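J.: This is a predicted model, with the sequence first.
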Amino acid sequence: MRNLETGEALIGRSIDLHSVVNRERTSLRFGGHSNRRLQQDWNARGADAFVFEVLDTLTSPDFDPTEDLVLLETMWRERMQADGHGSYSTRASVKRA
């Protein structure tokens with residue numbers, strides 16, 4: 001989820017993308033999102049100032065993708081930070097060996 005005005009993003013991961021996007025939108029719409037700063041920006045700027053984007057996908061259903069999803073999430077956070085984008089994310093990045 002990215003703020004089109006500020007470039008700040010909330011990066012996450014999910015096996016069920018449709019459900020998590022629906023939950024995020026619903027929480028924001030009803031004013032109950034757990035990320036206060038994101039909720040404040042949503043309230044101030046409105047829904048049209050935000051876009052939900054899929055940054056990456058895993059296609060193989062033959063394994064538990066949890067570890068790979070964590071790695072991809074960390075990679076995208078680092079990439080966005082390196083590109084100078086702010087972050088709404090509060091979850092600590094996973095350190096890679």
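T.: Done, it's in. Numbers count the residues shown, from 1 in each chain.
J.: What is the neighbour count of the closest residue to residue 31 other than its chain neighbours?
T.: Nearest non-adjacent residue to residue 31, counting by C-beta to C-beta, 6 or more residues apart in numbering: residue 39, 6.5 Å away. All C-beta spots, glycine's among them, are computed from the backbone N, C-alpha and C. Applying other C-beta atoms under 10 Å, we find 17 residues neighbouring residue 39.
J.: now for the host helix or strand of residue 39, which elements pack on it?
T.: Element membership for residue 39 (DSSP states H and E) is helix 36-45. In terms of contacts (3 or more C-beta pairs under 8 Å, 6 or more residues apart in numbering; DSSP states H and E), helix 36-45 is packed against helix 17-29.
J.: What's the separation between residue 26 and residue 47?
T.: Applying C-beta to C-beta, to the nearest Å, the value for residue 26 to residue 47 is 12 Å.
J.: Apologies, that question was intended for residue 66.
T.: Using C-beta to C-beta, residue 66 is found at 30 Å from residue 47.
J.: One more: residue 56?
T.: 24 Å.
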